[in-house]
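Undergrad: let's see this in three dimensions:
(chains A and B)
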Amino acid sequence: MYNQITSNKRKSVVLMAVFIAIILALGWVFGRYTGYGYGAVVFAAIISVIMSLVSYYSGDAVALSASGAKGPLKKEDNPYIYRMVENLAITSGLPMPKVYVINDDAPNAFATGRDPQHASVALTTGIINQLENEELEGVIAHELSHVKNYDIRFLTMVVVLVGIISVLSQWFFRGSLFGGGRRRDSEGGNAGGILAIVGILLIVLSPIIAELIKLAISRKREFLADADGALLTRYPEGLARALEKISAYSAPMKSANAGTAHLFISNPFGKKVAGLFSTHPPVEERIKILRGMA
Amino acid sequence: MIFLYVVLGILALLAVWIIAVFNRLIALRNRTDEAWSDIDVQLKRRHDLIPNLLETVKGYAAHEKEVFAQVTAARSAAMTAKSPEDLAAAENQLTGALKTLFAVAESYPDLKASQNFLRLQDELSDTENKIQAARRFYNGNVRDFNIRIEQFPSNVIANTMNFKKREFFEIENGEEREVPDVKF
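TA: Numbering: from 1, shown residues only, chains lettered A, B, ... in the order given. Predicted coordinates for the structure are as follows:
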């Protein structure tokens, strides 16, 4: 458990470093290719550092607003949910997280924040209404395990940083289409050609790298959070039944978004896009493991 | 000469290991103490609710003095108990007394309908749930700490440094009272 925390903190730092390196490389290629030179690198350096800090300090706000979460919930708004989260937080020895509600019939939930002191748990109205008491407890315990393991820090930073890389690579792609020709006319030669190839490689690779990062980070985490959550409620069957109900609901969430999909307990796009690039392990497998614990 | 270096090397490794085990034990002990203070917070909240509850019940059932005395006595016993074992016994006593109080309340329809009474009953059962939650967190920490103290080889260090095993905290769940009687 505590190894998982250390590993998550380390990965967050590595992610930040990789992000800065990719942005610098993009800036460098962009600068050479379009004629802005080192100015573009300096600009990229400033942007990447600022964005890293934003992802650390306000990544949770970005993730919450991107998924249309309302809150934080006060005790009077919904004492049933508030107390359930409060009691499970006490059981796991965590401070009370902020609770947000997403107005959506699709049952889903996620946790975000930079550490347990600045954590938020978001639940859709669908999950609150459709799940029984002990099923919802299983789900909240799963989310609190993400909080405890510092999964939330890493995953929240991924939301912002990977999001920026994919946006930038799209801009860059346009830049190379429209700005590139002019340069080749005046200079020509090998240097321009090599840079073009590097540029195209980066454009092609960065979304794939982004996807791979998301992939590598999520699957093991979900299994671990399932196990820790079950340990918290002492009732793995609750989470197993919750996952069954969640996966039986096939319609996607209204606010489903590729940038935040990996935060959720189950894929917000519904069932159809599972497969190679899915960020979540198959639900059947998770249920089988949970049933094996009981 | 080489022999000396080897011996020195082994001693250095041993020292590092002892420090690591010692620090781990300290961390576990502090975590257990912190978990205990969580229980204290919830128990205090429970104790604070009881005078209000008694006042409310007295307003409708003033002559049930025996039950009031029983609850008051159990409450003050629980507030003075120190060790986890004593405290658990005292809290169980209090849970029993409260059960009697709520059983008595059953025969006063006006009391049962009183908003204040319902609110206090709700608060109390919420607090009891929280005591259970805090208790489970504490017991989990005690388990980890005790395992460290008993397991070889860390037990050698734990014993020489005089680390004492902690007691689990076991109390009845007041929730059992909540199970309604269904009659047709």
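Undergrad: now the helices: where do they sit in the stretch 1-150 of chain A?
TA: Taking DSSP state H, counting those that start in this stretch as the test, the helices found in the stretch 1-150 of chain A are A:2-34, A:38-66, A:79-92, A:125-130, A:133-148.
Undergrad: hmm, which helix or strand of chain A has the shakiest average pLDDT?
TA: Least confident element among the helices and strands of chain A, by mean pLDDT, DSSP states H and E: helix A:180-186 (a mean of 47).
Undergrad: give me the below-cutoff pLDDT ranges for the chain.
TA: I went with chain A, as the question did not name one. Under the criterion pLDDT under 70, the flagged ranges of chain A are A:1-2, A:166, A:168-199, A:201-203, A:205-219, A:258, A:270-280, A:294.
Undergrad: hmm, I had chain B in mind actually
TA: Regions of chain B meeting the criterion pLDDT under 70 cover residues B:173-184.
Undergrad: quick one, helices of it?
TA: Chain-ordered helices for chain B, with DSSP state H as the definition, fall at B:2-60, B:65-80, B:84-105, B:109-113, B:115-150, B:154-160.
Undergrad: which residues are contacting the shortest one?
TA: So that's helix B:109-113. Surrounding helix B:109-113, the residues in contact under the criterion CB atoms under 8 Å, 6 or more residues apart in numbering or on different chains are B:Thr56, B:Val57, B:Gly59, B:Tyr60, B:Ala61, B:Ala105, B:Glu106, B:Phe117, B:Leu118. In short, each C-beta sits where N, CA and C put it, glycine included.
Undergrad: next one: stretch A:263-270
TA: Judged by CB under 8 Å, 6+ apart, the contacts made with stretch A:263-270 from elsewhere in the structure are A:63, A:67, A:106-112, A:139, A:142-143, A:155-156, A:159, A:222, A:243, A:246-247, A:249-253, A:255-257, A:260-261, A:273-274, A:278-280, A:283.
Undergrad: so how do I select the buried members of these in ChimeraX?
TA: Of those, the buried ones go into a single ChimeraX selection, burial set by 16 or more other CB atoms under 10 Å in any protein chain shown:
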select /A:63,67,106,107,108,109,110,111,112,139,142,143,155,156,159,222,243,246,247,249,252,253,255,256,257,260,261,278,279,280,283
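Undergrad: in strands only, show me the contacts of stretch A:263-270.
TA: Among those, the subset assigned to strands under DSSP state E consists of A:Ala109, A:Phe110, A:Ala111, A:Thr112.
Undergrad: what's the closest residue to the third one other than its chain neighbours in contact with, if anything?
TA: Think A:Ala111. Nearest-residue entry for A:Ala111: A:Glu143, 4.1 Å, with adjacent residues in sequence omitted and distances by CB to CB, 6 or more residues apart in numbering or on different chains. For A:Glu143, the contact set (CB under 8 Å, 6+ apart) comprises A:Ala109, A:Phe110, A:Ala111, A:Val121, A:Ala225, A:Gly229, A:Ile265.
Undergrad: out of those, who's nearest chain B?
TA: When the contacts of A:Glu143 are compared for distance to chain B, the smallest value, 13.8 Å, is given by A:Gly229; criterion: CB to the nearest CB.
Undergrad: quick one: that closest one from A:Pro236, how far?
TA: Separation of A:Gly229 from A:Pro236 (CB to CB, to the nearest Å) stands at 8 Å.
Undergrad: quickly list what's touching both of these two.
TA: Shared contacts of A:Gly229 and A:Pro236, counting by CB under 8 Å, 6+ apart, come down to A:Gly138.
Undergrad: look at those two and report which has more neighbours.
TA: Each of A:Gly229 and A:Pro236 has its neighbours counted (other CB atoms under 10 Å in any protein chain shown); A:Gly229 has more, 29 against 21.
Undergrad: quick one: that one from A:Asp115, how far?
TA: When CB to CB is applied, the distance between A:Gly229 and A:Asp115 equals 19 Å.
Undergrad: get me the contact residues on chain B for chain A.
TA: Counting by CB under 8 Å from any CB of the partner chain, the residues of chain B lying close to chain A are B:31, B:34-35, B:38, B:42, B:126, B:129-130, B:133-134, B:136-137, B:141.
Undergrad: of those residues, buried ones?
TA: B:Arg31, B:Ala35, B:Asp38, B:Gln42, B:Asp126, B:Asn129, B:Lys130, B:Ala133, B:Ala134, B:Arg136, B:Phe137, B:Asn141.
Undergrad: format the residues you listed as TSV; extra columns: distance to B:Thr160.
TA: Formatted as TSV, these follow (distance: CB to CB, whole Å):
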residue	distance to B:Thr160
B:Arg31	22
B:Ala35	26
B:Asp38	30
B:Gln42	36
B:Asp126	45
B:Asn129	41
B:Lys130	38
B:Ala133	36
B:Ala134	32
B:Arg136	32
B:Phe137	29
B:Asn141	23
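Undergrad: any idea how many residues pack against residue 51?
TA: By default, I'm working from chain A. When counting by other CB under 10 Å, one arrives at 20 neighbours for A:Met51.
Undergrad: not quite, go with chain B.
TA: Look at B:Pro51: counted by other CB under 10 Å, it has 12 neighbours.
Undergrad: what about it, distance to B:Val57?
TA: As defined by CB to CB, B:Pro51 lies at a distance of 11 Å from B:Val57.
Undergrad: then B:Leu120?
TA: 9 Å.
Undergrad: swap in B:Pro109?
TA: The gap separating B:Pro109 from B:Val57 is 13 Å, by CB to CB.
Undergrad: could you chop chain A up by domain?
TA: Using automatic domain parsing, the domain parsing of chain A gives A:2-58+A:159-209, A:66-152+A:216-293.
Undergrad: ok, which of these comes nearest B:Leu98?
TA: Counting by CB to CB, B:Leu98 lies closest to domain A:66-152+A:216-293 out of the domains of chain A; the figure is 19.5 Å.
Undergrad: tally of neighbours for residue 103?
TA: Picking chain A for this. By other CB under 10 Å, 12 other residues sit near A:Asn103.
Undergrad: chain B, not that one
TA: Neighbour count for B:Ala103, taken as other CB under 10 Å: 11.
Undergrad: neighbour count: B:Leu120 and B:Val57, which is higher?
TA: Just comparing B:Leu120 and B:Val57: by other CB under 10 Å the higher neighbour count belongs to B:Val57, 23 against 19.
Undergrad: distance of that one from chain A?
TA: As judged by CB to the nearest CB, to the nearest Å, B:Val57 and chain A stand 23 Å apart.
Undergrad: give the contact list for that residue.
TA: Residues in contact with B:Val57 (CB under 8 Å, 6+ apart) are B:Glu64, B:Phe68, B:Leu101, B:Val104, B:Ala105, B:Leu111, B:Phe117.
Undergrad: one more pass at 10 Å, please.
TA: B:64, B:67-68, B:71, B:101-102, B:104-105, B:108, B:111, B:114, B:117, B:120 (CB atoms under 10 Å, 6 or more residues apart in numbering or on different chains).
Undergrad: ok, B:Leu98 next?
TA: For B:Leu98, the set of contacting residues under the criterion of CB under 10 Å, 6+ apart consists of B:46, B:50, B:53, B:67, B:70-71, B:74-75, B:121, B:124, B:128, B:174, B:177.
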